[in-house]
Each structure stands twice: as C-alpha cells, then as structure tokens.
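Student: Give me a model of this one.
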Amino acid sequence: MEPRELLQQMFEAAVQSARPECCVPCHLPEPPKGKLVVIGAGKASAAMARAFEDAWGGEIHAGLVVTRYGYEVPCRRIEVVSAAHPVPDQAGCAAAARMLELVRGLGGDDLVLCLISGGGSALTPLPLPGVTLEQKQALSRELLRCGATISEINCVRRHLSAIKGGRLAAACHPARVLTLAISDVPGDNPADIASGPTVGDATTCHDALAILERYRISLPEPLRDCLASGAGESVKPDDPRLRGAQFRLIATPQAALEAAARVAHGRGVTPHILSDRIEGEAREVAKALAAVALQVARRRQPFGPPCVLLSGGETTVTVRGGGRGGRNVEFLLALALALEGEQGIYAFSGDTDGVDGQEEVAGAFVGPELLRRAWEMGINPKRSLDDNDGHGFFEALGETLVTGPTLTNVNDFRAILITG
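Tutor: Numbers count the residues shown, from 1 in each chain. Just a heads-up that it's a prediction; the model follows:
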C-alpha cells in the first residue's frame, strides 16, 4: 500500500470512530416520566440530533440544536439552526437565547438531553448583560491569533457568557440534565468542551483576566468591568442546581487514535500512540516529533520501522505573517523542514472536523520529495512558514486533503509513517 493511501485510511478510521451514528445510539437515556427536551451545540450537534432521533423510540417534547454553517443535517422532530464559527455571529446569539427559554420552567420529572461537540462555544455566544456581540467578536479574533490554548480561550469565554460555564444546566433546574459530548479538547476536560455549558467551572474571573494580560490583549471597559467586578463569575461545581446533571463522553481523541492504530496494525505497520493531548506552538511540536521520527529511522530507537507515530491534541499558531494560519499545515511545513527530505518518512496532519483553522481544508501530506518539488516550483518553504502560509504552500503542491464537513470533531490527528 502507498504511504499516502495508508495515512489517509488511518485518518478516515479516526473520523469514522467519532461519527454520531456510531457513538450516540449506545448512550440513549431511560425515557423520563415527564417531558424530554433535546438541545445542543457544536459542529456535530445536528448529526448527533439525527442519530438520536433515528435510535429513540419515545416522545420528544421539543428540540433545538445549533451547528456551523454547512454542517446541517435534516431532522424530523429537532430543529436545526446554523451560525458562524470560529468568530460568532447574531444567529448564534439568537440560538443560545432560544435554548435558555426552551429549558426554563421544566419540572423534576423532565429530562434535558444536551448534545455537545467541538465548536459549541463559538456557536452559542450569547453575552452577559452589558457586553455586546461586537465586543465578543473582536475578542475572539484576538484570542485566535495570539497563540492562546483552547483551555485559555474557553476560560475567557465562560466568564463573558450567559450560557457557558454551567449556566445552561443551572437554567434547566430542577429538571435532570444528561449531556452526551464528543470531545475536541486535550485532556477531555468537560469544562472546556464547548466551554462547559452544563458542568460546573472551577476557574474564575480573575483567571480570565490573567490570561488576557498574559497575551497583552486590551479590553473595552464593559468587558473589563464584567471580569474585574466578578459579574461574569461562572456556576461552580458545588452549585446545588447542578446535582441533577450528568455528563458522558461518547467519543474522544484517544478512541480515534486507537481506531487509526487498528488500521495500521492490519497493514503490518506497528502503531505507537504518543499522546492524545499534545499542545504548544505547531512549529515547535513539529521539531520535537521530527527528532523522534529521525531517531526511529536512523537509530531504530526507541523502536524500529515500519511503524507509525500517532498523536492528537490541539496545537496553536501565533499568526505574525500575512498567511492564513492553520495549525495542521503549519505543523506539517515545519515538520518537512526539520526532516530535510529524509527518505522513508511520510506524514499527515488534519483536523477531524474537516476544517484546519478557518479554511475548508482538513489537512495535508508530507513526503521525502516535498521540499525538492517546492524549490523546483520556485516556492521557498522557509519563507512560507515565516509567513504562516502553510495553506498556500500545500495547495500549490497539490498535497491538501479536502473532506468537506465530517459532522464530528475529536481534535487534530497526526500520523508520521516511517517505512524503513
């Protein structure tokens, strides 16, 4: 099998393992004595809603989920609306407000089923009183460019939101809440998946301010006042309104890596899962993983080829150049430069939701001839990296993978194949 074909098959297996039709039906709740209300947010929420409808034999009193534009899946009894991601828009605000209204006034015999996946935070941007959507949009752009981790970004989001940080579950009280979540964050912390609308949050407004100061992000007065005064404080884990809330992870980055590992093993290639939670600047992560790959290829340490090094997580890109960013293509371009055309090493990195950064490209491929081909075409790989233009680089070389919406999201997938 060709290296590129094997790498693509591993990525497809990782995505398939997290598709809602595979992971939702085995987590159906017991029918409640009262009403069932279904709500949700995220890139996979519409597909999750459809999978739930197909598997659920009981009544659904009401339902509403919000997903990214282009990720809609038709449902019969659950309304699907669309909004912008990663920079939020008014449609997301309206959807979040409607969800809060939908769950208010429920009783102790009622059940709220919350379908959560990656992207849910940007898709439910309803601000706290005194904060405007325009202010949150500007802050989102700053956070996405500054190199902050997803955990840091979501800490800030939780303290400026009317629905995140446990507020949605608190609004459901006294009804029971069951959250089915597809994790897209390193470590699978429930508070970070869609900024934790149905779980308590141990971080504080002070923590959010410290993050903004760390990255030298200036705030308009209403946002600073909201945080400095404590008005944006989230719902804490010991809040009695959360006692009836349950949270289940139904798909994770680790499970996706294990699915890819099974494909590799079946092709006679030994898989090694390095980690499902790698973070840091994409180009620095690339240098470290390139060093490991070279040690395997040249020294047969800590194991020998043929093998594949698998990892997940979410790296960051601090955009300083004029390019479009994209953490997977930035990782791959830095990896190619560090490998310097080493024979027998191939790689793929992609986002399991089908979108790397803000581009409709899942990821790209690297092989031993990549840099040579680039130079022959008059493309300077180092200059492309300095300009954060990984997307332009790989598009010019025809090495991108476009999947379209995958309707799921378990974070980034990286595979470095060492053939010998």
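Student: From now on I want contacts and neighbour counts done on CA atoms only, so please keep to that.
Tutor: Fine.
Student: the longest strand in this protein is where?
Tutor: If you go by DSSP state E, the chain has its longest strand at strand 270-278.
Student: On the three-state scheme, the residue nearest the centre of the chain is what?
Tutor: Closest residue to the average C-alpha location of the chain: D184 at 3.8 Å, with C-alpha atoms, centre = their mean. Per DSSP: H, G, I helix; E, B strand; the rest coil, the local secondary structure of D184 is coil.
Student: now swap in A260 and tell me
Tutor: Quick answer, by three-state DSSP: A260 is helix.
Student: Quick check: chain neighbours aside, which residue is closest to it?
Tutor: M10 (4.4 Å; C-alpha to C-alpha, 6 or more residues apart in numbering).
Student: Surely K164 touches V156?
Tutor: No: with contact defined as C-alpha atoms under 8 Å, K164 does not count as touching V156 (10.5 Å).
Student: So those two - more neighbours on which side?
Tutor: K164 (33 against 27; other C-alpha atoms under 10 Å).
Student: Contact partners for the more buried one?
Tutor: Contacts for K164 were tallied using C-alpha atoms under 8 Å, 6 or more residues apart in numbering; they are S121, R157, R158, A194, S195, G196, P197, T198, S234.
Student: residues in contact with the last one?
Tutor: Put plainly, it is S234. Contacts of S234 (C-alpha under 8 Å, 6+ apart): R158, H159, K164, G165, G166, R167, G200, D201, T203, T204.
Student: and M1, how many neighbours?
Tutor: 6.
Student: Likewise for G165?
Tutor: G165 - counted by other C-alpha under 10 Å - has 33 other residues nearby.
Student: separation between the nearest residue to L219 once chain neighbours are set aside and P302?
Tutor: Once flanking residues are discounted, L219 sits nearest to L139: 7.9 Å by C-alpha to C-alpha, 6+ apart. Here the criterion is C-alpha to C-alpha, to the nearest Å. By it, L139 lies 44 Å from P302.
Student: D238 too?
Tutor: 45 Å.
Student: neighbouring contacts of stretch 69-88?
Tutor: 38, 43-44, 46-47, 49-50, 53, 60, 62-68, 89-92, 95, 119, 122-125, 133, 136-137, 140-141, 358, 405, 407.
Student: mind listing which of these are in strands?
Tutor: Going by DSSP E, the strands hold V38, A62, G63, L64, V65, V66, T67, R68 from those.
Student: Mind jotting down where the helices sit in the stretch 1-150 of the chain?
Tutor: 3-17, 20-23, 45-55, 90-103, 120-123, 133-145, 150-158 (DSSP state H, counting those that start in this stretch).
Student: so how many other residues sit close to T132?
Tutor: Neighbour number of T132 under other C-alpha under 10 Å is 15.
Student: same thing with P20?
Tutor: Applying other C-alpha under 10 Å, I find that P20 has 24 neighbouring residues.
Student: Surely it touches T408?
Tutor: Yes: here P20 reaches T408: they are 7.0 Å apart, a contact under C-alpha under 8 Å.
Student: Overlap in contacts, the two.
Tutor: Shared contacts of P20 and T408, counting by C-alpha under 8 Å, 6+ apart, come down to A44, A47.
Student: quick revisit: and the residue nearest to L219, how many neighbours?
Tutor: 21.
Student: Tell me the helix or strand right after the lengthiest helix in the chain.
Tutor: In the chain, ranked by residue count with DSSP state H as the criterion, the top helix is helix 282-299. Downstream of helix 282-299, the next assigned helix or strand under DSSP states H and E is strand 307-313.
Student: got the angle between the helix or strand just after that following strand and helix 282-299?
Tutor: Sequence-wise, the next helix or strand downstream of strand 307-313 (DSSP H and E) is helix 327-339. Helix 327-339 runs at 40 degrees relative to helix 282-299, counting by axes from the mean of the first three to the mean of the last three C-alpha atoms, to 10 degrees.
Student: Distance from the chain centre to helix 327-339, please.
Tutor: Counting by C-alpha atoms, centre = their mean, to the nearest Å, helix 327-339 is centred 20 Å from the centre of its parent chain.
Student: And stretch 291-303, by the same measure?
Tutor: 30 Å.
Student: can you list contacts of that stretch?
Tutor: G304, P305, L309, A338, L339, E342, G344, I345, I416, I418, G420.
Student: about what we covered before: so which of the helices of the stretch 1-150 of the chain gets nearest C172?
Tutor: Nearest to C172, of all those, is helix 90-103, at 5.2 Å by C-alpha to C-alpha.
Student: which parts of the closest one are buried?
Tutor: Q90, A91, G92, C93, A94, A95, A96, A97, M99, L100, L102, V103 (16 or more other C-alpha atoms under 10 Å).
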